[in-house]
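> Could you work out the structure for the sequence below:
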Amino acid sequence: MSSNTYVMAIDQGTTSSRAIIFDHGGQIASTGQVEHEQIFPRAGWVEHDPVEIWTNVREVVAFALSSADIDARDVVAIGITNQRETAVVWDRHTGKPVYNAIVWQDTRTKAIVEELGGDAGPDRFKDLVGLPLATYFTGPKVKWILDNVEGARARAEAGDLLMGTTDSWVLWNMTGGAVNGIHVTDVTNASRTMLMNIDTLDWNADICAEMGIPLSMLPEIRSSSEVYGIVRPAGLMAGVPVAGILGDQQAATFGQACFEKGMAKNTYGTGSFLLLNTGTTPVRSKNGLLTTVCYKIGNAPTVYALEGSIAVTGSLVQWIRDNLEMIDDASEIEGLARSVDDNGGAYIVPAFSGLFAPYWRSDARGALVGLTRFVRKGHLCRAVLESVAYQTRDVVEAMNADAQTELKELKVDGGMTGNELLMQFQADQLGVDVVRPQVAETTALGAAYAAGIAVGYWNGEQDVIDNWAEGKRWTPKSGNGECARQYRNWKKAVQRTLDWVDEDVL
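Coordinates of the predicted model:
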């Protein structure tokens, strides 16, 4: 491949859409980014406008191209990575969504999830799909739309509606939309719907029927790295193949070169997501983790992962900035946290939309405990950062038990890894080294690698390994006794959040 050719990644995330152009060395040539509106119609409801997302995708692609001073002929492939579990339902003939996208954080499907569980409870489908019944996943969100949007179920049963996560929505529009748009998803995103058999990688007709989702709505499931189609002639990237799709957390795992069994990464974003490569056999969790597809490159064997999903980490910093107005900018939190020696006895459990792994308690709500007159703003800022590390430790402890092995080191990425106080505290709590790569945009990079591998721009996983470079390493410093005391208090704080939501508290 020519040295002046590139791969573009479209990163359709929870708070923004980005286009990032990478060169053959995995270095960033340019970036475009636009945020989209976070819509909160009711407590616990979180929505996005799919039309706004698609408009923003086109805008960031144009910006990335112009700022790099290249055109579509210089781009050999496009990879897509996306916020997972967020459900979009749209009309195949008009391209219009029937409702806003229901975001992964949304908890409105609590009653649907409980009804589906019945006497069997939340693990009813877990052996088949690798996931517990929870408001987090896509299938129940689609059921809610079909049940609650006037005429939607009839249109779906007539074959007029399509559903997908945002990768499918973006790909369908890029490849023609209502005029021969390609309706596809990859195995990683499909594994987050509660509708895909985790062993055979196909849709489970019985579960779809249980949720009242017609099979005609579903995208075709493909690997994470192959040519799905080309951008439509009228598009800015006309003629460029779209050749990679990975859910955002799997893309970060790929970009971090976690290709060996036992390697793990944690992404600190809106939430945090820790994935452990478990090899080519799915491992069923007994400790509240998810069994998920890690990646599948073309016809190569499927690689699986255990995942611990944490709903609120970076968004907790946004909350104290925007809702409590304790800081003006997210970057201020580290300085305030460093202004005190410890958390002053205060613990924050950010169960804003229930607790995800390893608890899976949608009845939990956020709590701030251990307050005394001594506690001031710096202590609360420190408690915010510490809550991120404690939640990650919860997941690692469950992961070690499931995998029957001890984590050796943790690769990290995402915006919060710039916070050195948090990273050191994370290393102390886990008792292992925490390692950040030189190129922090591992999510977009993973999608770019998947697309580039599919068209021969990179020669498989070895090129990814060769391009990966360590940026910074944090080694545990704090004593085990103090870390154990802090973590014990955290576990007590978690208990205070449970059983909060009932019929009287909406």
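> what's the lengthiest helix in the chain packed up against?
Criterion DSSP state H: the longest helix present in the chain is helix 377-403. Secondary-structure packing of helix 377-403 (3 or more Cβ pairs under 8 Å, 6 or more residues apart in numbering; DSSP states H and E): strand 264-268, strand 272-279, strand 303-310, helix 314-322, helix 332-338, strand 347-349, helix 420-430, helix 480-495. Where you see a C-beta, it was placed from the backbone N, CA and C, and this is true even at glycine.
> Next, the angle strand 272-279 makes with the first one.
So the one you mean is strand 264-268. Calculated by axes from the mean of the first three to the mean of the last three Cα atoms, to 10 degrees, strand 264-268 forms an angle of 160 degrees with strand 272-279.
> Sheet partners, orientation included, of strand 264-268?
strand 272-279 (antiparallel), strand 409-413 (parallel) (DSSP bridges).
> Export these to a markdown table and append columns for mean pLDDT.
Formatted as a markdown table, these follow (pLDDT from 0 to 100):
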| stretch | mean pLDDT |
| --- | --- |
| strand 272-279 | 91 |
| strand 409-413 | 93 |
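> Would you convert those into a markdown table that also reports mean neighbour count and distance to residue 202?
Output for the strands paired with strand 264-268, formatted as a markdown table (neighbours: other Cβ atoms under 10 Å; distance: least, Cβ to Cβ, whole Å):
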| stretch | mean neighbour count | distance to residue 202 |
| --- | --- | --- |
| strand 272-279 | 25 | 21 |
| strand 409-413 | 24 | 31 |
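> export those strands to a markdown table and tack on distance to residue 108?
Conversion of the strands paired with strand 264-268 to a markdown table gives the following (distance: least, Cβ to Cβ, whole Å):
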| stretch | distance to residue 108 |
| --- | --- |
| strand 272-279 | 22 |
| strand 409-413 | 30 |
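> which one of those strands lies closest to residue 18?
Smallest distance to residue 18 across the strands paired with strand 264-268 (Cβ to Cβ): 14.4 Å, for strand 409-413.
> who's sitting farthest from the centroid in this structure?
In the chain, the residue that sits farthest from the middle, by Cα atoms, centre = their mean, is residue 373; the gap is 38.2 Å.
> Could you tell me which residues make contact with that residue?
Residue 373 makes no contacts at all, as judged by Cβ atoms under 8 Å, 6 or more residues apart in numbering.
> secondary structure class for it?
Look at residue 373: counting by DSSP: H, G, I helix; E, B strand; the rest coil, its state is coil.
> Please tell me how far it sits from residue 177.
Distance of residue 373 to residue 177, computed by Cβ to Cβ, to the nearest Å: 60 Å.
> How about residue 338?
Computed as Cβ to Cβ, the residue 338 to residue 177 distance reads 50 Å.
> So for these two, which residue has more residues nearby?
residue 177 (18 against 14; other Cβ atoms under 10 Å).
> In a helix, the more buried one, correct?
No: assessed with three-state DSSP, residue 177 is coil; it does not lie in a helix.
> now it, nearest residue through space, not along the chain?
Nearest non-adjacent residue to residue 177, counting by Cβ to Cβ, 6 or more residues apart in numbering: residue 95, 4.7 Å away.
> Mind checking the strands paired with strand 264-268 for the one nearest to residue 326?
Of these, nearest to residue 326 by Cβ to Cβ is strand 272-279, at 21.1 Å.
> Tell me the helix or strand right after the closest one.
strand 290-295 (DSSP states H and E).
> circling back: out of the strands paired with strand 264-268, which is closest to residue 211?
Proximity of the strands paired with strand 264-268 to residue 211 was assessed by Cβ to Cβ; the nearest stretch is strand 272-279, lying at 24.4 Å.
> Give me the contacts around the closest one.
Outside of strand 272-279, the residues within contact range by Cβ under 8 Å, 6+ apart are 248-250, 252-253, 258-267, 292, 294, 303-310, 313-314, 388, 391-392, 395-396, 399, 403, 407, 410, 414, 416.
> tell me the angle that strand makes with helix 314-322.
170 degrees.
> Neighbours of residue 388, how many?
For residue 388, using other Cβ under 10 Å, the count is 27.
> Residue 196 now?
There are 27 residues near residue 196, going by other Cβ under 10 Å.
> cool, residue 59 as well?
16.
> Contact partners for it?
Taking Cβ under 8 Å, 6+ apart, one finds 32, 34 in contact with residue 59.
> That one: what secondary structure?
Here residue 59 is recorded as helix under three-state DSSP.
> looking at this, residue 312 is in a helix?
No: assigned with three-state DSSP, residue 312 falls outside any helix and is coil.
> For it, which non-adjacent residue is closest in space?
residue 350 (3.9 Å).
> returning to what we had before: could you dump the helices and strands packed on helix 377-403 to TSV with distance to residue 34?
Listed next are the helices and strands packed on helix 377-403 as TSV, based on distance: least, Cβ to Cβ, whole Å:
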stretch	distance to residue 34
strand 264-268	21
strand 272-279	23
strand 303-310	26
helix 314-322	17
helix 332-338	24
strand 347-349	31
helix 420-430	27
helix 480-495	36
